[in-house]
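1. Here is a sequence together with a model predicted from it:
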Amino acid sequence: MAGKNSCEDCIYYNYNEEYEYYQCEINLDEDELMGFLSNSHYICPHFRFGNEYSVVKKQM
């Protein structure tokens, strides 16, 4: 998995309680969406590691 970002680890990948599934909350443009759908090795430019401990660090 080196070089590939996992959506499950991204800060923008959230659970939608209304529809009961996970979804990416970033609005991708046409080119980004086509790259994501057609390439299994696509690296998302909006990926941010969803580390809950970094939020706690800021609160201290």
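-> Arrived safely, thanks for sending.
2. When you work out contacts or count neighbours from here on, use the C-alpha atoms and nothing else.
-> OK.
3. Go ahead and flag the most central residue of this structure.
-> C10 (3.6 Å; C-alpha atoms, centre = their mean).
4. Kindly confirm whether my reading is correct that that residue touches G50.
-> Yes - with contact defined as C-alpha atoms under 8 Å, C10 counts as touching G50 (5.0 Å).
5. quick one: the residue nearest to the centre of the chain and H41, what's the gap?
-> Distance check for C10 against H41: by C-alpha to C-alpha, to the nearest Å, it reads 16 Å.
6. now do Y15
-> From Y15 to H41 the distance is 24 Å (C-alpha to C-alpha).
7. Check F49 too.
-> Taking C-alpha to C-alpha, one finds F49 at 17 Å from H41.
8. one step back: now do the phi/psi pair for the residue nearest to the centre of the chain.
-> phi -80, psi 140 (degrees, to the nearest 10).
9. ok, it - contacts?
-> F47, R48, F49, G50 (C-alpha atoms under 8 Å, 6 or more residues apart in numbering).
10. so where is this protein shaky, pLDDT-wise?
-> When residues are selected by pLDDT under 70, those of the chain lie in 1-5, 51-60.
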